[in-house]
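K.L.:
Structure of the sequence below:
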Amino acid sequence: MIAKTFEKFNYTSVGISTLLLFGASYYYTTLEINWSFVDSKTLNGILIFGALLLSIYAIDTVTRQLSIERSNRNAYHLLLYPLVVMSYPIESVDMRFILSSAAIWASWRNMRIFFELSNNSKKIKRLFDACILLSLSSLIILENLIIFIYPLLALVNANIKKDLKHYLIIFMTPLIILPSAYALLSFLSLDTYLFSSYFFSDQPQAIDEYNVIPDSSRFFLMLLSEYSFNLTYSYVPIVIVFVLFVISVIIKFQRTAGSQRRILDLVGVLFLILTSLFFSMDQQLSGSEFHYLSLIFVYFISQIFVKKLKSSYVNFIFMSLIASIIIFKFLI
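P.N.:
This next block holds a predicted model:
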């Protein structure tokens, strides 16, 4: 049933995916909301739903239109994304990660299109759009500025004609947008809603415990001393997703022939690994942080279905994930 419904991209597959994302958005509104621009659950639900739709639009472009062979363009990613979202061990909702991750994936969509284009003026427009979206995500969480490293790495290593304008856009866009936005928002007394810092918000208080250690070393020693994994039953679905991801990465790199796509895939894997390590150092994860991994999870796992599988295998993969979500998130 699942294999048949999502075998092709059509109104039915899109409609079911949209309904599932709507259900996920409603579920998020029933949880405690730690950070948001608004207090209304309805408005938060609308913001979450919009962010999820923007994310799946980016995922569809990267997964189906740019990557999967034309001979087998299925729509399994439309089901996979809502299931991956529901597999996250969400304990409370932090809108910063949901909104900024949507901007990041929309930015990565533009970067992938950038590498596919041959017209330089169109390439510059796509790169500029990508940098604007990354800058907007950095307005929400300052640490997102680090993500500019990834398009820069892809640009340096990709087999394309190098243009100084490309590098100027990557460096100058955030330098222009962020100070201008800060000045405007400060004038309007709205700067408290943005420019938050995830990693350093509680840094002074935590580091004081290490006041006998030199300033340059305290913070990293504090991180290492608190680094641990405390997995509960709610993590079972995301563990299954990680297992599928590892399998799909092996499959993907065996099939990928072009050096440019291989570099982009390596950048994606590197992003997932470093982001996972970054967040795993926090003892008080809300679970919303996992949205930073969504596109990479869905993109790679979708590669399992590039070559036609028996319907029974496809149904087994999805039913296993659905069953784990129902059992370990809602029943136990």
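
K.L.:
and the host helix or strand of Pro151, what's its mean pLDDT?
P.N.:
For Pro151, the enclosing helix or strand under DSSP states H and E is helix 149-157. Helix 149-157 shows an average pLDDT of 88 in the prediction.

K.L.:
got the angle for the helix or strand just after it vs helix 149-157?
P.N.:
Downstream of helix 149-157, the first helix or strand assigned by DSSP H and E is helix 164-187. With axes from the mean of the first three to the mean of the last three C-alpha atoms, to 10 degrees defining the directions, helix 164-187 sits at 170 degrees from helix 149-157.

K.L.:
and stretch 305-317, how far apart are its ends?
P.N.:
With C-alpha to C-alpha, to the nearest Å as the measure, the ends of stretch 305-317 fall 11 Å from one another.

K.L.:
For it, give the mean pLDDT please.
P.N.:
85.

K.L.:
try stretch 285-297
P.N.:
Average pLDDT, stretch 285-297: 91.

K.L.:
thinking again about what came up before, tell me which residues in the helix holding Pro151 are buried?
P.N.:
Neighbour-count burial for helix 149-157 flags Tyr150, Pro151, Leu153, Ala154, Leu155 (criterion: 16 or more other C-beta atoms under 10 Å). Every residue, glycine included, has its C-beta placed from N, CA and C.

K.L.:
JSON lines for those, including distance to Phe328?
P.N.:
Below are the buried residues of helix 149-157 laid out as JSON lines (distance: C-beta to C-beta, whole Å):
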{"residue": "Tyr150", "distance to Phe328": "32"}
{"residue": "Pro151", "distance to Phe328": "36"}
{"residue": "Leu153", "distance to Phe328": "36"}
{"residue": "Ala154", "distance to Phe328": "36"}
{"residue": "Leu155", "distance to Phe328": "41"}
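
K.L.:
Pick the one among the residues you listed closest to Ile48.
P.N.:
The closest of the buried residues of helix 149-157 to Ile48 turns out to be Tyr150 (C-beta to C-beta; 25.0 Å).

K.L.:
can I assume the closest one is in contact with Val267?
P.N.:
Yes. Counting by C-beta atoms under 8 Å, Tyr150 sits close enough to Val267 to count as a contact (5.4 Å).

K.L.:
those helices in the stretch 1-150 of the chain, which residues are they?
P.N.:
Counting by DSSP state H, counting those that start in this stretch, the segments of the stretch 1-150 of the chain that form helices are 2-5, 11-29, 41-60, 76-87, 95-116, 120-140, 149-157.

K.L.:
now the stretch 201-332 of the chain
P.N.:
Counting by DSSP H, counting those that start in this stretch, the stretch 201-332 of the chain has these helices, from start to end: 203-207, 215-226, 236-255, 259-280, 294-301, 311-325.
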